[in-house]
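Asker: Let's see this in three dimensions:
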Amino acid sequence: MYKNNINLNLYKTFYDVAKCGSISKASNILYISQPAISKSIKKLEEELNVQLFHRGLNGVELTDKGERLLYFVEKSFNNLVIAERDMLETENLQCGKLSIGMPSNIGSFFLFDKIIEFHKRFPNIEITIITGSTSKLLSLLDSYSVDFVIDTSPTKLNDNNIIVKELKEVNYCFVVHKNTTIFDYTQITTIKDLEKYPLILPIPGTANRNDLDELLVENNVNIDNVINIHTSEMIISAVKKRFGNWICYL
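Answerer: Residues are numbered from 1 along each chain as shown. A predicted model of the protein is given here:
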């Protein structure tokens with residue numbers, strides 16, 4: 001049997017302490033005395049019959065049970081924020097907030113023009129753009145910290161609550177600085193020829209790198225002269241600076 005008289009103030013206190021990592025910092029935010037906060041945390045722990053924090057000289061740290069509880073509490077509070085926004089925002093987009101999650105390369109190369117156009121049409125909408133890895137962005141989406149995610153990853157989702165829509169087809173290609181002199185890149189006619197040249201590639205495990213690695217395996221291509229770079233922006237910078245006259249994959 002579950003009780004239906006949940007004390008939301010206890011969970012709010014828990015949430016703030018967990019986010020601050022310190023009872024004293026949470027006290028300053030909540031304008032509540034430290035003994036009162038400690039008493040609330042103790043009461044919540046007694047009600048749930050679990051230890052939520054490890055106490056230390058430098059603050060508090062969540063236990064495994066505390067981490068699990070924070071996941072649900074954070075999701076619940078984000079739902080309340082969304083509900084409040086839904087009540088306050090008008091249907092004609094005259095006010096409100098929009099939070100978008102995306103990798104930095106998508107924002108830099110594809111979407112800024114669209115965002116600027118949207119902002120011109122709806123200047124009173126506050127836009128927040130959060131960048132990160134696919135896993136991080138999906139985690140933010142799951143906790144309702146972003147409204148939607150735009151990514152190039154061929155993500156396979158098991159969550160029926162998330163809808164995936166294709167917005168645009170993106171093609172990747174190899175590039176090289178036009179003034180490269182160490183080798184004649186016009187002689188590269190097949191993917192097998194790439195074995196002879198140094199390459200700058202996205203880091204292993206990223207979506208575009210996974211696609212490339214699959215293609216290399218399919219064509220029995222073995223590469224060993226590689227520098228891995230995390231972001232497309234840095235790869236483009238490497239091209240512009242003629243970084244060793246390497247061939248780059250974007």
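Asker: which stretches of this structure form helices?
Answerer: Ranges of helices within the chain are 8-20, 23-30, 34-48, 64-88, 104-106, 112-121, 134-142, 207-218, 232-240, based on DSSP state H.
Asker: Spatially, what comes nearest to the residue most central in space within the chain if we skip its sequence neighbours?
Answerer: Computing the C-alpha centroid of the chain and ranking residues by C-alpha atoms, centre = their mean puts L137 first, at 2.9 Å. Of all residues not flanking L137 in the chain, G101 sits nearest, at 4.0 Å (C-beta to C-beta, 6 or more residues apart in numbering). C-beta here means a position set from N, CA and C on the backbone, and glycine is covered the same way.
Asker: Would you point out the helix or strand in this protein whose mean pLDDT is lowest?
Answerer: When the helices and strands of the chain are compared on mean pLDDT, DSSP states H and E, strand 247-249 comes out lowest with a mean of 67.
Asker: still on that earlier bit, next, the contact list for the residue nearest to the centre of the chain, please.
Answerer: G101, M102, P103, I130, V146, V149, D151 (C-beta atoms under 8 Å, 6 or more residues apart in numbering).
Asker: Quick one: residues contacting the fifth one.
Answerer: Contacts here follow C-beta under 8 Å, 6+ apart; on that basis V146 touches S99, I100, G101, I130, L137, L140.
Asker: The nearest residue to it once chain neighbours are set aside and G56, how far apart?
Answerer: Closest residue to V146 apart from its sequence neighbours, by C-beta to C-beta, 6+ apart: G101 at 4.0 Å. According to C-beta to C-beta, to the nearest Å, G101 and G56 sit 33 Å apart.
Asker: With F174 instead?
Answerer: Between F174 and G56 the distance is 51 Å, computed by C-beta to C-beta.
Asker: Which of these two has more residues huddled nearby?
Answerer: Using other C-beta atoms under 10 Å as the criterion, F174 and G56 rank with F174 on top: 17 against 10.
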